[in-house]
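Visitor: pasting the sequence and the predicted coordinates here, then a few questions.
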Amino acid sequence: MPELPEVETVRRGLERHLNGQRIENVELRRPDLRFSFPEGFASRLKGRLVERIDRRAKYLLIRLDNGTTWMCHLGMTGRWTLLGANSTQGDDGKHDWVVIHLENGMRAVFSDPRRFGFMDLFETSEQGQNKFLAKLGPEPTPDYLTPMNLAENLRGRRTSMKAALLDQRTVAGLGNIYVCEILFRAGVSPRRTAASVASKLGITDRVTRITAATHDVIVEAIDAGGSTISDFVNVEGDLGYFSHSFQVYGREGSPCLSKACDATIRRIVQSGRSTFYCPSCQR
DNA sequence: AATCTATCCTGTTAGC
DNA sequence: TGCTAACAGGATAGAT
């Protein structure tokens, strides 16, 4: 499944192949994915030049030459594949919903079996008003996420730390796996309330540790994504390349990997999602 | 106002 | 062996 580093890898791959290319034709093979495509979607893309591609959280933002942005979210199983003019490789057909025909004869194919992905079009100048982007919190990188603004976003909230970090208004782009890993590295229990982590008095040790753990996990994951998936074309499967580094995710019943800890990783359900944590290391 | 729950979807896997 | 049920999860709408 595409996690943030894979979205970033896809961004780089799309940028490499789509930048400067004109969209010659767009095939829409169904009227919706997670949501309906916007009105006139295919015709509004047709004839446009791709200027560059940005990313915000897990959203791909494809900038077109007429001042519009084509937004794409990969959902759970969304994938872009670049195919040469005569190639059918990597094209399973069954879940290929959007086919972009480029001027140079290549095709960019969006497939998504579970259809949790979605696309949108908006005026780039009105990006701040886009409903998907408007409420997002800071990116999980040092330039944006600081102990100060994390503390502000947690202060007074009665919800659990797990739920607070999954909330895209707290930090943008974190998913279930990352939140589990971040809280383990920070040594903070996922069950602890946000309010107890960010005291009224100011920045706490826990806030500092969560901030640093977030920066580190994201950087490592992006590096792992970048090094493992070297070429975006014909990406192999959805297996988590970062998964070999998991300390807690999916390790229920296995020993904690911290030195001198003999506890067992536990799984609980919070907000309808699995949480993995070490009851001894995370307090 | 904040926070919880159900919903969407289907391939994979665990259990009987 | 073959069936069913649980599970995965981002973001939204609606309920509390």
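Guide: Sure, I can see it. Numbering: from 1, shown residues only, chains lettered A, B, ... in the order given.
Visitor: C-alpha only now, for contacts and for neighbours.
Guide: OK.
Visitor: tell me who's in contact with the closest residue to DNA strand C within chain A.
Guide: Per Cα to the nearest atom of the strand, A:Gly175 is where chain A lies closest to DNA strand C, at 3.4 Å. Counting by Cα atoms under 8 Å, 6 or more residues apart in numbering, A:Gly175 touches A:Glu3, A:Leu166.
Visitor: I'd like the average pLDDT over the helix or strand encompassing A:Ser196.
Guide: Assessed by DSSP states H and E, A:Ser196 sits inside helix A:194-197. Taken as a whole, helix A:194-197 has a mean pLDDT of 94.
Visitor: can I get the CA coordinates of that helix in CSV?
Guide: Only the C-alpha atoms of helix A:194-197 are listed here, as CSV (Å, rounded to 0.1, in the frame of the first residue of the first chain):
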residue,chain,number,x,y,z
ALA,A,194,-3.0,14.1,24.0
ALA,A,195,-3.7,16.6,26.8
SER,A,196,-1.4,14.6,29.1
VAL,A,197,1.5,14.7,26.6
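Visitor: so after that helix, what's the next helix or strand?
Guide: Scanning onward from helix A:194-197 (DSSP H and E), the first element met is helix A:205-228.
Visitor: could you dump that next one to PDB, C-alpha only?
Guide: Only the C-alpha atoms of helix A:205-228 are listed here, as PDB (Å, rounded to 0.1, in the frame of the first residue of the first chain):
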ATOM      1  CA  ASP A 205       9.900  15.700  26.900                       C
ATOM      2  CA  ARG A 206       7.300  13.600  25.300                       C
ATOM      3  CA  VAL A 207       6.400  16.300  22.800                       C
ATOM      4  CA  THR A 208      10.100  16.700  22.000                       C
ATOM      5  CA  ARG A 209      10.600  12.900  21.600                       C
ATOM      6  CA  ILE A 210       7.500  12.500  19.400                       C
ATOM      7  CA  THR A 211       8.600  15.400  17.200                       C
ATOM      8  CA  ALA A 212      12.100  13.900  16.700                       C
ATOM      9  CA  ALA A 213      10.700  10.400  16.200                       C
ATOM     10  CA  THR A 214       8.400  11.700  13.500                       C
ATOM     11  CA  HIS A 215      11.200  13.400  11.600                       C
ATOM     12  CA  ASP A 216      13.400  10.400  11.800                       C
ATOM     13  CA  VAL A 217      10.800   7.800  10.800                       C
ATOM     14  CA  ILE A 218       9.700   9.800   7.800                       C
ATOM     15  CA  VAL A 219      13.200  10.500   6.600                       C
ATOM     16  CA  GLU A 220      14.200   6.900   6.900                       C
ATOM     17  CA  ALA A 221      11.100   5.700   5.200                       C
ATOM     18  CA  ILE A 222      11.600   8.100   2.300                       C
ATOM     19  CA  ASP A 223      15.200   7.000   2.000                       C
ATOM     20  CA  ALA A 224      14.000   3.400   2.000                       C
ATOM     21  CA  GLY A 225      11.400   4.100  -0.600                       C
ATOM     22  CA  GLY A 226      13.900   6.000  -2.700                       C
ATOM     23  CA  SER A 227      16.500   3.300  -2.600                       C
ATOM     24  CA  THR A 228      14.300   0.300  -3.000                       C
END
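Visitor: so A:Tyr178 touches A:Asp216, yeah?
Guide: No. A:Tyr178 lies out of contact with A:Asp216 (Cα atoms under 8 Å); the separation is 10.8 Å.
Visitor: who's more crowded, these two?
Guide: Comparing A:Tyr178 with A:Asp216 by neighbour count (other Cα atoms under 10 Å), the higher total belongs to A:Tyr178, at 22 against 17.
Visitor: would the more buried one count as being in a strand?
Guide: No. Secondary structure of A:Tyr178 (DSSP: H, G, I helix; E, B strand; the rest coil): helix, not part of a strand.
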